[in-house]
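Trainee: how would this look folded up:
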Amino acid sequence: MDVTAVRADGVFKVFGRRPQEAVRRLQEGATREEVRPLGTAAVVDASFEVASGETFVVMGLSGSGKSTLIRMLNGLWRPTAGRILLGDDDLSAVSTKELRELRRRRVSMVFQHFALLPHRSVVDNAAFPLEIQGVGRAERRRRAGEAVALAGLDGWQDSLPSQLSGGMRQRVGLARALAADTDVLLMDEAFSALDPLIRREMQDQLLELQQTLGKTIVFITHDLNEAMHLGDRIAMMRDGRIVQVGTAEQILSAPADDFVAQFVSAVDRTRVLTASSVMVRPAAVVRSSAGPHVALREMREAQTTAAYVVGDDRRLHGVVRDEDVAAAVRGGGGSLSEMTRREVIAVPEDALLADLFAPSAESPLPLPVVTLDGRLAGVIPRVTLLEAMAAPPAEHDPGRRPASTGAASTAPAVATTGGAL
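Mentor: Sure thing, here's the model as predicted:
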């Protein structure tokens, strides 16, 4: 069971003369514009949970409320209404002293503009949060040195920030957060000031570090491609409200409204969606222990000329053709295993669509999708692969089809004698 590291419950943040009255009006259904005379509603009724070890990306345009939200997550600002929980601690209820201690030991932050101390070396900048925590000099320099190496700055420990490039200075900021060894790492537009190539390099390094360290990360960005690249889940914000939370695949495949659909329309879907998100259920599968009579009957009922063959453990063995099975029936029977063609191109569930076009072109049949242990999970007909490249129609489009219909009927049938896949 996942442990919740960060949780927001009905959080509002209003700046102005009468914030509580503004919250009351918003809860009654008023818009941000209608409560503007009372105050500026930066965050409106935000609720979400971040699991321990998850990278949770908050995505939105300028003015959407994402930066205000992250400042409440580390206690810089307290909610006007609602609760922010860090583990079991309610940041909106703890004392100032307790909050200061929580921020020292439980939460660290990487800023957009580095926020380095110019007169301190790389290692001393990284050690600064440990100094605040009261860690001894030798220990904090050891831990800071390890964090600097993790951040890819080995050999630069004694350099000053003025001697570093922008990307290197951001690595120092990351090293400082890593050295603090807090439960939660907050990153506010951390890479947006970097050149595109350096930015991508930092994103990839963050992913590598996350695989090793398993930190709980809340990452703020206005860049959708960055959000899709980094986030286990993404919260889309608009006008202070969270309009959708989901994985990149969920947001691309089923946008919550026209705003989200328009926002994601320019994304290269083939670099985000995976085989498991577009595969369809085969009509049937033949078990290798079944005979040719069973296989032929199932293929005729499914109106297909081929069937996939699986073992009793549902691992994919290959495919049989109707002419081979029909010949075996006319000849009095035979083993299905003997006529199974095993040169089948199969793809894993997590394969990106961009990597499926070549095998799809080479395969005369729809691509079988298999699990890590080789079990048949579904199939991808070529037409389904092509359809998946297009953005889903807007909600108001009268031609919109439910996700459960459409390409499923085009999947080549696969016979089964042992229950549905």
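
Trainee: And the strands in the stretch 1-150 of the chain, which stretches?
Mentor: Per DSSP state E, counting those that start in this stretch, the stretch 1-150 of the chain carries strands over the ranges 4-15, 40-51, 55-59, 81-86, 89-90, 107-110.

Trainee: weakest of those strands in terms of mean pLDDT?
Mentor: Per-stretch mean pLDDT for the strands of the stretch 1-150 of the chain is lowest at strand 107-110 (a mean of 88).

Trainee: Can you give me the buried ones in it?
Mentor: 107-110 (16 or more other Cβ atoms under 10 Å). (Glycine included, C-beta is placed from N, CA and C.)

Trainee: so which of the residues you listed comes closest to Arg300?
Mentor: Val110 (61.9 Å; Cβ to Cβ).

Trainee: helix/strand/coil for His317?
Mentor: Classification of His317 using DSSP: H, G, I helix; E, B strand; the rest coil returns strand.

Trainee: Give me the next element, helix or strand, following the top helix by length along the chain.
Mentor: Identified as the longest helix of the chain according to DSSP state H is helix 196-213. Next in sequence after helix 196-213, counting helices and strands by DSSP states H and E, comes strand 216-221.

Trainee: Mind giving me the packing neighbours of that following strand?
Mentor: strand 4-15, strand 40-51, strand 55-59, helix 66-73, strand 184-188, helix 224-230 (3 or more Cβ pairs under 8 Å, 6 or more residues apart in numbering; DSSP states H and E).

Trainee: ok, how many other residues are close to the closest residue to Ser277 other than its chain neighbours?
Mentor: Among residues not flanking Ser277 along the chain, Glu249 sits closest, at 4.5 Å (Cβ to Cβ, 6 or more residues apart in numbering). Each residue near Glu249 was counted by other Cβ atoms under 10 Å, and the total is 16.

Trainee: before we move on, what about Pro364?
Mentor: 9.

Trainee: so what's it up against?
Mentor: By Cβ atoms under 8 Å, 6 or more residues apart in numbering, no residues touch Pro364.

Trainee: hmm, back to that, in the longest helix of the chain, which residues are buried?
Mentor: 198-199, 201-203, 205-206, 209-210.

Trainee: Can you add distance to Ser64 and pLDDT and give the residues you listed back as a markdown table?
Mentor: Shown next, in a markdown table, are the buried residues of helix 196-213 (distance: Cβ to Cβ, whole Å; pLDDT from 0 to 100):
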| residue | distance to Ser64 | pLDDT |
| --- | --- | --- |
| Ile198 | 25 | 84 |
| Arg199 | 20 | 86 |
| Glu201 | 27 | 87 |
| Met202 | 23 | 87 |
| Gln203 | 21 | 90 |
| Gln205 | 27 | 87 |
| Leu206 | 22 | 90 |
| Leu209 | 27 | 88 |
| Gln210 | 25 | 90 |
